[in-house]
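Trainee: Could you work out the structure for the sequence below:
(chains A and B)
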Amino acid sequence: MPTHSITNQKIINTLREIALYLRATDVPFKPQAYETAAEGIAGLESELADMYKRCGKKCIKGIPGVGESIAEKIEEIVTTGRLEFYAELKKKYPFDMLALTNIQEVGPKTALKLYKELGVKTVNDLQRACKANIVEKVEGLGHKSEQKIMRGIAFLKSNKGRRIIHDVLPLARHIVERLEKIDGVTHVDITGSLRRRKETIGDIDLVATTSKPRELIAAFKAIPEVSRVLESGNEKIAVRYNSGILGDLLILPPESYGAALLHFTGSREHNILLRELAISKKMKLSEHGLFKGNKCVASKTEESIYKALGLVWIPPELRIGADEIEAAKNNEIPDLIPYGSIKGDLQIQSSWTDGTASIDEMARAAKKYGLSYMAVTDHTKALAMTHGLDEKRLRAQGREIDKLNKKLRGFTILKSTECDILKDGRLDLRDDALRALDLVTVSVHTFFEMPEREMTARIIAAIKHPLVNILLHPTGRVVGRRAPYKIEMDRVMRAAKDFGVALEINGSERLDLHEQYIREAIKQKVKLVISSDAHDPSHYVNLEHGIAQARKGWARKADILNTKPCDQLLKALKRV
DNA sequence: GCCGTTTTCGGCCCGACTGTTTTCAGTCG
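Mentor: Okay, the predicted model is just below:
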């Protein structure tokens, strides 16, 4: 019977491991199919086990990259908890393929060879084998390979894998600034998952053009942020930065810059679709350009390449290898909300509760960031650990805001609250206190483990409360740290639509809503806002991450209410 | 194993770099 212990991640790992075993044994084409299916599942927001419960194999087959055979395998996993085909592979090759291939320089073939020759089953086995200098004796490997593998293992153990974009983007921009100053350099751009604004980043990919490649290569290797050079060719250098993150720099002639930008921005799946499209038009696409025979059709700009393929330019945030190509063919790519177009922040915490700065300091920082209003949304008393406000302190805070508003020019502070939704769906503050505010935001911070039906009812009860304007971080997730709570989002969205409550796109490390829900909310005409959840004056940059999230969800400026001036925003937040 | 503005069969993305080799296999993005 279906169990909750079968997570999507577990199924993804199983499919990926199967792909690796098949690759190791030179099975043609199937590995790609299993990887594509795993990728399709990774893009899902709902649990496969739940989908299967709801509508069986039919739903599973609807996932891109999943056909008859893999759908059957997923069915077997969610109903029995195991997969015979996988178990047989594991019996024949009882080593940890996923973990071993996670090591840089170790692919499926090397892992298999190490198992066959040395009996290596785990990363620890391999580390011991390297130390005993027996890896270099294996045919096809040598001393240098052994050294590389050893370093790869050390790196893996020191590093917890991908990092949240909030931590990586500032470093990447800093490196770009440094490289732009080097003599001869004409362009430097961030590419890869950072340019696509994925929520977690594995490495920093940069591309550059220069009239003096030797100088750039030498200068790049010498910048203080680089701790080790891993690879160095004429047009590609791979390094590790001091913070532990990996980075690549590609150096290219200006005439193929667009093709290179396109290629290294990815995603891999998007690139594959583009190349297949090129082939169908009797052309060939690579990082050097789009070619018809030997003739280069387009290469200087991304736009020219998309155009030659019969597509409009696709913003990087949408390049995931799903339906964006089809949309580009039909000229249906929306005009995405531009960065920097948020006029006011609707969630900030001050030192009245768990923020680091006074309301005054937060307001000045907001103004400096270019905003014209902000809502003060301190926590409420149920969250004792944040020293949450009760009715009396909230009134006192209101008086302070009145005073500040008289002093500030060209900036408005809105009285608000992040009112806790109690376990039974009631709110943490009395209605008379809420009525005195400019707007009311609500959110869940406790009892995350409630059953799906109860959690849904709890949140819908809060949405129905006539004074509520915004539901904050609607699914409760924190990237890399906390999974979303179980909730029927389709019902929550319908309630938000019916009662005129906006959903927040939280730009902090929560990145909640997920982009798939954003896209769905827009289709359903649910109101949306973006906020920073700033607890410190430096946190307004989270708005940029919130916008990125909205862009990934195909949002236009008109879809996000706080792109409007303050008076219009308050009007738009009015309940229906 | 998946998929369809060439297709329900016959295709399936492209190139740089490295190390171990003396022409290429494996890995990566």
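Trainee: what is the closest residue to residue A:470 other than its chain neighbours paired to in the beta sheet?
Mentor: Using Cβ to Cβ, 6 or more residues apart in numbering and skipping the chain neighbours, the partner closest in space to residue A:470 is residue A:441 (4.2 Å). (C-beta placed from N, C-alpha, C; glycine too.) For residue A:441, the residues forming beta bridges with it (DSSP bridges) are residue A:418, residue A:470.
Trainee: Could you check the pLDDT of residue A:441?
Mentor: Residue-level confidence at residue A:441 comes out at 97, pLDDT.
Trainee: got it, and the one 3 residues further on?
Mentor: At residue A:444 the predicted local confidence, pLDDT, stands at 95.
Trainee: Dihedrals phi and psi, it?
Mentor: Residue A:444 adopts backbone torsions of phi -100, psi 130, taken as degrees, to the nearest 10.
Trainee: Quick check: nearest residue in space to it, chain neighbours excluded?
Mentor: The shortest distance from residue A:444 to any residue other than its chain neighbours is 5.0 Å, reached at residue A:421 (Cβ to Cβ, 6+ apart).
Trainee: Quick check: the one you found touching residue A:441?
Mentor: No: between residue A:421 and residue A:441 there is no contact under Cβ atoms under 8 Å: 10.6 Å.
Trainee: sorry, back to before: now the residue nearest to residue A:444: how far from DNA strand B?
Mentor: As judged by Cβ to the nearest atom of the strand, to the nearest Å, residue A:421 and DNA strand B stand 40 Å apart.
Trainee: Just give me the neighbour total for that residue.
Mentor: 27 (other Cβ atoms under 10 Å).
Trainee: which ones are touching it?
Mentor: Applying Cβ atoms under 8 Å, 6 or more residues apart in numbering, we find residue A:421 in contact with A:427-428, A:442-444, A:458-459, A:461-462.
Trainee: which residues does the residue of the stretch 351-500 of chain A found nearest DNA strand B contact?
Mentor: The nearest approach of the stretch 351-500 of chain A to DNA strand B comes at residue A:480, 19.1 Å away (Cβ to the nearest atom of the strand). By Cβ under 8 Å, 6+ apart, the residues touching residue A:480 are A:162, A:164, A:200, A:509.
Trainee: Would you mind listing where chain A has pLDDT under the threshold?
Mentor: Confidence mapping of chain A against pLDDT under 70 gives the ranges A:1-4, A:159-161.
Trainee: Would you mind listing the residues in contact with the residue sitting nearest the centre point of chain A?
Mentor: Central residue of chain A (Cα atoms, centre = their mean): residue A:199, 2.1 Å from the mean position. The neighbourhood of residue A:199, defined by Cβ under 8 Å, 6+ apart, consists of A:164-165, A:479, A:511, A:549.
Trainee: Filter these down to just the ones in helices.
Mentor: Among the contacts of residue A:199, the members found in helices (DSSP state H) are A:165, A:549.
Trainee: Max pairwise distance over the contacts of residue A:199: which two?
Mentor: Maximum pairwise distance in the contacts of residue A:199, criterion Cβ to Cβ, is 12.4 Å, between A:164 and A:549.
Trainee: So for these two, which sits in the more crowded spot?
Mentor: Neighbour comparison, residue A:164 and residue A:549: the larger count goes to residue A:549, with 25 against 19 (by other Cβ under 10 Å).
Trainee: if we can go back for a sec, what is the nearest of the contacts of residue A:199 to DNA strand B?
Mentor: The nearest member of the contacts of residue A:199 to DNA strand B, counting by Cβ to the nearest atom of the strand, is residue A:165 at 16.6 Å.
Trainee: list the contacts for that closest one?
Mentor: By Cβ under 8 Å, 6+ apart, the contact set of residue A:165 is A:194, A:197-201, A:545, A:548.
Trainee: and what of residue A:534?
Mentor: Remark: with contacts taken as Cβ under 8 Å, 6+ apart, residue A:534 is in contact with A:345, A:347-349, A:355, A:362, A:508, A:540, A:542.
Trainee: Closest to residue A:526 out of these?
Mentor: Checking these against residue A:526 with Cβ to Cβ, the nearest one is residue A:347 at 17.6 Å.
Trainee: circling back to that earlier point, take the contacts of residue A:534 and write them to TSV, including distance to DNA strand B.
Mentor: Listed next are those as TSV, based on distance: Cβ to the nearest atom of the strand, whole Å:
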residue	distance to DNA strand B
A:345	35
A:347	35
A:348	37
A:349	38
A:355	38
A:362	39
A:508	28
A:540	31
A:542	27
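Trainee: with these in mind, which one is nearest to residue A:36?
Mentor: Taking Cβ to Cβ as the measure, residue A:36 sits nearest to residue A:508 out of these, at 32.4 Å.
Trainee: so what's residue A:492 closest to, chain neighbours aside?
Mentor: Per Cβ to Cβ, 6+ apart, closest to residue A:492 is residue A:459, 5.7 Å.
Trainee: which residue sits closest to the residue of the stretch 451-576 of chain A found nearest DNA strand B, ignoring its sequence neighbours?
Mentor: Each residue of the stretch 451-576 of chain A has a distance to DNA strand B, by Cβ to the nearest atom of the strand, and the smallest belongs to residue A:516, at 18.1 Å. Distance criterion Cβ to Cβ, 6+ apart; nearest residue to residue A:516, sequence neighbours excluded, is residue A:45 at 4.7 Å.
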